[in-house]
Structures are given as C-alpha cells and as structure tokens.
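Student: just the structure for this:
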Amino acid sequence: MDPLSVVGLLFGVAAILLGQYLEGGHVTTLLNGPALLIVIGGTVGAVMLQSPMHVFLRALRIVGWAFVPPRLDSREAIDKIIAWSTIARKEGLLGLESIEEEEHDPFARKGLQLLIDGSEPETIREILEVDIGTREHFDLQAARVFESMGGYSPTIGIIGAVMGLIHVMGNLSDPSRLGSGIAVAFVATIYGVGAANLLFLPLASKLRHIVQEEARHREMIVEGVASIAEGENPRNIETKLLGYLHRS
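Tutor: You can find the predicted model right below:
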C-alpha cells in the first residue's frame, strides 16, 4: 500500500469540502447524480473512442498500482544475482538450472534461461532490452489513458454545465428556481475540473513513475545477468549493481 496516494487523495477532497463548509455552503449542494454521470460517462466514452482495446484494458489493470504498487525490492534482487554469480563460478552455468525452476519473476527467469543456454552477453542484453522497451512503452501508453481523461473531463464538465443552464432557461417563468438551478448546473464543472486535477492527472503521473521504476529495476537485472555471462567477479557485480540503488 502506498499511503501517500491514499492520504493525498483524501486530503485534497477533504480540503475542498472543508472550504465549501467554511464559506457557508452545504456539502450536499455538491452532490448531483446526473452531473456525475455526464462527466464520468462522457470522459470514459471519449477515452474508449481514443484508445485501442488492449491499451484501455491494460490501463484498467494497472490503475491499482497507484495505491498498491508492484513490489520491486532491488536490494533483494542484487542479493539473488550475487548468489547466481557465485553458483555459476563454482558449478558452471548449468548449476543455475535448479535456481531457474524456482524463480518466480518471469523476466529474471528468462534471463536465467539465456544464461543456462550459453548465450553471449550482448545477445542477452539485446533480447532482454527489447522485452524491457516493449513492456515500458505499452505501460506508458496505458498511463496516458488517465492523462487523456484529465484532459477530457473539464470539457465534459462544461458540457454538463451548459446542459444544466439550458434546463434552467426553460424554467424562466419560475424565478424562485433559477438560483438553485444555476448552482446545480455548475456542479458538473466542479466534477470535471476536480476529477482531472485531483484524480486523473495525478494517477497518470504516479503510474508513469512506477512504470519507469520497474524498467530501471529490470535494467539492473539485465546488467547483472550479462555480467555473470561475462564471468565477472561477484564482488565487482555487486559494486556495479549497487549504483542502481544510489540512483533510485
């Protein structure tokens, strides 16, 4: 769980509601089902039209990362790589076969398979870097789905406000309903702008950061596996890989 994401979202919403209360308004005036339907439904519909199916579905799968990010323990990964290096020096690359069968990370397992097969270090790098680049590009596209939602929702909110004003103009014969009607109409604008700046755009930024961190984590694994293939000393490999921890 990422407590900063949860606290940030709750803090932002609470600040707005508290400000509304301190200004003498009622929180219930910000509750409007039709306005919410227009903003969320219109925004999702626009993004569905814009996005390829596989990208949209990927965005739905990774949205939870903003609150429960994937576990990337670089220190633990370095320890595993050093252990692999020690085994390779003592028993040869075929000694890693039992390790490969127990490895849960598919990416690390792929690197071990290439090692056991006797692939050249440059070949290992090329194959695994293609994997990294493809995965990173795909996940960044998914993160941009929420960035697009942040761009669409304020405009959809304005559409909702205009629709509400049209309804108000149809009731000009009853002046007592104009004030409340106009207030309700602009709730859609609040929903659109609020959703963009409190939810969609921050979500996109957080997901981009997580995707980039995952790519760097995998780059570290690539460097470690390629170093084993080159026959480097475990101590030198550890020193090299610790640089990824300093950078992060």
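
Student: geometric centre of the chain: which residue is closest?
Tutor: By C-alpha atoms, centre = their mean, the chain has its centre lying nearest to Leu207, at 2.0 Å.

Student: skip the chain neighbours and tell me the closest residue to it.
Tutor: Setting aside the residues directly before and after it, Leu207 is nearest to Ala143 in space (C-beta to C-beta, 6 or more residues apart in numbering), at 3.9 Å. All C-beta atoms are positioned from the backbone trio N, CA, C, and that covers glycine.

Student: neighbours around that neighbour, how many?
Tutor: 25 (other C-beta atoms under 10 Å).

Student: and Tyr21, by the same measure?
Tutor: Neighbours around Tyr21, by other C-beta under 10 Å: 11.

Student: remind me, longest helix of this structure?
Tutor: helix 121-169 (DSSP state H).

Student: mind checking pLDDT for the residue nearest to Leu207?
Tutor: Note for Ala143: predicted pLDDT of 94.

Student: please pull out the lowest mean pLDDT helix or strand from the protein.
Tutor: helix 178-195 (a mean of 80; mean pLDDT, DSSP states H and E).

Student: how about that one: buried residues?
Tutor: 181, 184-195 (16 or more other C-beta atoms under 10 Å).

Student: with respect to Lys110, which of those residues is nearest?
Tutor: Ala195 (39.4 Å; C-beta to C-beta).

Student: what's the local residue count around the closest residue to the closest one other than its chain neighbours?
Tutor: Once flanking residues are discounted, Ala195 sits nearest to Ser153: 4.7 Å by C-beta to C-beta, 6+ apart. Using other C-beta under 10 Å, Ser153 has 27 other residues around it.

Student: touching, Ser153 and Leu198? I think so.
Tutor: No - applying C-beta atoms under 8 Å as the test, Ser153 and Leu198 come out as separate, 10.5 Å apart.

Student: which ones are touching the closest residue to Leu94 other than its chain neighbours?
Tutor: The shortest distance from Leu94 to any non-neighbouring residue, by C-beta to C-beta, 6+ apart, is to Ile116 (6.4 Å). Contacts here follow C-beta atoms under 8 Å, 6 or more residues apart in numbering; on that basis Ile116 touches Leu93, Leu94, Leu96, Glu97, Glu100.

Student: would you list the buried entries among the residues you listed?
Tutor: For the contacts of Ile116, a burial check counting by 16+ other C-beta under 10 Å picks out Leu93, Leu96, Glu100.

Student: tell me if I'm right that Thr155 and Thr189 touch.
Tutor: No - with contact defined as C-beta under 8 Å, Thr155 and Thr189 do not form a contacting pair (10.0 Å).

Student: mind picking the one among the buried ones among the contacts of Ile116 that's closest to Arg125?
Tutor: Comparing the buried ones among the contacts of Ile116 against Arg125 with C-beta to C-beta places Leu93 closest, at 16.5 Å.

Student: got the confidence number for that closest one?
Tutor: You'll see Leu93 listed with a pLDDT of 81.

Student: that one contacts Ser119, doesn't it?
Tutor: No - Leu93 is beyond contact range of Ser119, at 9.8 Å (criterion: C-beta under 8 Å).

Student: thinking again about what came up before, which residues does the residue nearest to the centre of the chain contact?
Tutor: By C-beta under 8 Å, 6+ apart, the neighbours of Leu207 are Ile62, Val63, Trp65, Ala66, Asp139, Ala142, Ala143, Phe146.
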